[in-house]
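[1] I'll drop the sequence and a predicted model, then ask my questions.
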Amino acid sequence: MATEKARQLLSRLAATPDAAVPNLPFLHRALLLPLLSAASVLLRLSLLVPFSPLRPRRTLPVPVVSVGNLTWGGNGKTPMVDFLARRFHNVGISPLILTRGYAGADESKMLQRRLADTTTKLGIGANRAAVASSMLEKYGYVDPCEAFLREKLSSAPSQVVNGTSAKIGVAIMDDGMQHRSLLRDVEIVMVNGLTPWGNGHFIPRGPMREPLSALTRADILVIHHANLASEAQLENIKCTVQDSGVTCPVFFSELAPSHIFEINKPLRRLPLRVLDGMVVLCVSAIGCPDAFINTVSEIGPIKIDRLDFSDHHFFRDHDLELIQERARKLGDQHNKETVVLVTEKDYDRDPDVLGMVDAKVWVLSSCLQIMPLKEQGEEELMSKVKDIITRTWRAK
């Protein structure tokens, strides 16, 4: 309980803009903020040290697509990895996803469940190069450019071979932007359209992991949650990106809800309309809970309440009691049964724990979609990825 409260406090302070600092409690201003600011300065100074040429940057015998960001949490990295893996699978290329398995491996568990019907392989570990080498040795590898050529020559996608024997054709790094030791062919950078740069400070005083100038490393920039941002917000992000020297194409994405499932029946899809007229308690431990709330509100419940925990939080007994008590009070207030609604990431973190909640618990399933704005849709994004891979791979 104390640890979670501390994490939530740090998250609130990291989201506090300089203009709002005078409104903080005295102890936060006098003690915590100076400590966080000092730690942020140390991180920023460490980034001034260039990547040493003496440290070898590993290459793989297959193209590497990195999906990353400049800020922590809620940028749509893992949904984009899921999107790319399925698109590569659909054209006959077996992808290898490289992920750290951070904080209970909720993201890797979610990817494994969602991509179980594809030829995707999952490599989990902090040393991405070592994990990739092991997986490539186990499954073998092929040149993906041959599949790209077959796709162009045929009106139908190439046939996908059995997932247990398909050779790997591409590696996708989840949260790979700061993992500089592994060379990549395509750098995709995700930006949260609702809170793109936070308060502008570096971790832990703010959410920034690198300065805005790092955006120039991007081959493709994707503004996520664009459907929830205003035109003014999107234009402001584009101006900031351009002022940072970025010349790569910009795409827009959203996390579109597809269906709902009960925690003990994940294969049984329920239509979104089951939330019509319902009282819903949204419970989440994710990077951008506001996006979850906004998405649910558009589906149609008559009442929504929320209970937010810090990103990657593991639900404990006292959390379950808090969830049950909040759900019970909502039900009493509205004389209707309350549904506890969680995200897939929360479900995959520990479905057994959520099954202990004495209430109806449903899971909202969503998938990343590229919004067809300014003639930059899904086909254009995948075409750009394939073109970069083909060009760089031939150069090697």
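    Yep, it's here.

[2] Where does pLDDT dip in this protein?
    Scanning the chain with the threshold set as pLDDT under 70 gives 1-2, 48-56, 102-104, 153-165, 396.

[3] Name the residue most distant from the centre of it?
    Going by CA atoms, centre = their mean, the residue of the chain most distant from its centre is residue 335, 36.7 Å out.

[4] So for the helix or strand in which residue 238 is found, what gets flagged as buried?
    Here residue 238, judged by DSSP states H and E, is contained in helix 231-243. Across helix 231-243, burial judged by 16 or more other CB atoms under 10 Å covers 233-234, 237, 241. From N, CA and C alone the C-beta is placed, and that goes for glycine too.

[5] and if you look at stretch 359-373?
    For stretch 359-373, by 16+ other CB under 10 Å, it's 359, 361-371.

[6] of all those residues, which comes closest to residue 41?
    residue 368 (35.0 Å; CB to CB).

[7] And the strands in the stretch 201-350 of the chain?
    220-224, 250-262, 265-270, 279-284, 303-308, 338-343 (DSSP state E, counting those that start in this stretch).

[8] Columns distance to residue 123 and mean neighbour count on top of those, output as TSV?
    Below are the strands of the stretch 201-350 of the chain laid out as TSV (distance: least, CB to CB, whole Å; neighbours: other CB atoms under 10 Å):
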stretch	distance to residue 123	mean neighbour count
strand 220-224	23	25
strand 250-262	25	19
strand 265-270	24	11
strand 279-284	27	24
strand 303-308	31	16
strand 338-343	24	24
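
[9] Quick one: closest of those to residue 188.
    strand 220-224 (4.7 Å).

[10] Parallel or antiparallel, list what pairs with the closest one.
    Sheet pairing of strand 220-224 (DSSP bridges) gives strand 186-192 (parallel), strand 250-262 (parallel).

[11] so what secondary structure elements neighbour the helix holding residue 238?
    For helix 231-243, the helices and strands in contact under the criterion 3 or more CB pairs under 8 Å, 6 or more residues apart in numbering; DSSP states H and E are strand 220-224, strand 250-262.

[12] okay, that helix in CSV with CA atoms only?
    Extracted C-alpha coordinates of helix 231-243, given in CSV (Å, rounded to 0.1, in the frame of the first residue of the first chain):
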residue,chain,number,x,y,z
GLU,A,231,-6.9,19.7,-33.9
ALA,A,232,-5.0,22.4,-32.0
GLN,A,233,-3.2,19.8,-30.0
LEU,A,234,-2.2,17.8,-33.1
GLU,A,235,-1.0,20.9,-34.9
ASN,A,236,1.0,21.9,-31.8
ILE,A,237,2.7,18.5,-31.7
LYS,A,238,3.5,18.7,-35.5
CYS,A,239,5.0,22.1,-35.1
THR,A,240,7.1,21.0,-32.2
VAL,A,241,8.3,18.0,-34.2
GLN,A,242,9.2,20.1,-37.2
ASP,A,243,11.0,22.7,-35.0
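
[13] Show me where this protein has its helices.
    For the chain, the helices defined by DSSP state H occupy 2-14, 26-27, 33-47, 77-90, 106-114, 128-139, 144-153, 231-243, 289-299, 317-334, 344-349, 351-354, 378-395.

[14] right, and these - which one's nearest residue 187?
    helix 378-395 (9.2 Å).

[15] Go ahead and measure how far the closest one is from the middle of the chain.
    Put simply, helix 378-395 sits 22 Å off its chain's centre (CA atoms, centre = their mean, to the nearest Å).

[16] Now do it: which elements does it pack against?
    helix 144-153, strand 186-192, strand 220-224, strand 360-371.

[17] angle of the last one against strand 265-270?
    In other words, strand 360-371. 70 degrees (axes from the mean of the first three to the mean of the last three CA atoms, to 10 degrees).

[18] strand partners of strand 360-371, parallel vs antiparallel please.
    strand 250-262 (antiparallel), strand 338-343 (parallel).

[19] hmm, who's touching the shortest one?
    Strand 338-343 is touched from outside by 260, 275, 278-284, 286, 292, 296, 323, 327-328, 330-331, 354, 357, 359-364, 366, with contacts defined as CB atoms under 8 Å, 6 or more residues apart in numbering.

[20] buried set for stretch 319-332?
    319-320, 322-324, 326-327, 330-331.

[21] whoops, I mixed them up, stretch 5-21
    Buried-residue list, stretch 5-21, by 16+ other CB under 10 Å: 7, 10-11, 13-14, 16.

[22] And stretch 297-304, by the same measure?
    With burial defined by 16+ other CB under 10 Å, the residues of stretch 297-304 counted as buried are 299, 301, 304.

[23] Give me the nearest residue to residue 201, chain neighbours excluded.
    Of all residues beyond its chain neighbours, the one nearest residue 201 is residue 40 (5.5 Å), with distances taken as CB to CB, 6 or more residues apart in numbering.

[24] contacting residues around the one you found?
    Contacts of residue 40 by CB under 8 Å, 6+ apart are 201-206.

[25] quick one: which of those residues is nearest residue 179?
    residue 203 (16.1 Å).

[26] ok, how many other residues are close to that closest one?
    By other CB atoms under 10 Å, 19 other residues sit near residue 203.

[27] what's the answer for residue 126, then?
    For residue 126, using other CB under 10 Å, the count is 11.

[28] re earlier: out of the buried residues of stretch 5-21, who's nearest residue 36?
    Nearest member of the buried residues of stretch 5-21 to residue 36, counting by CB to CB, is residue 13, at 6.3 Å.

[29] List the buried residues in stretch 31-40.
    32-33, 36, 40.

[30] Quick check: residue 169 vs residue 112, distance?
    19 Å (CB to CB, to the nearest Å).

[31] what's the answer for residue 335, then?
    From residue 335 to residue 112 the distance is 41 Å (CB to CB).

[32] go on, residue 279?
    Look at residue 279 and residue 112: by CB to CB, they are 33 Å apart.
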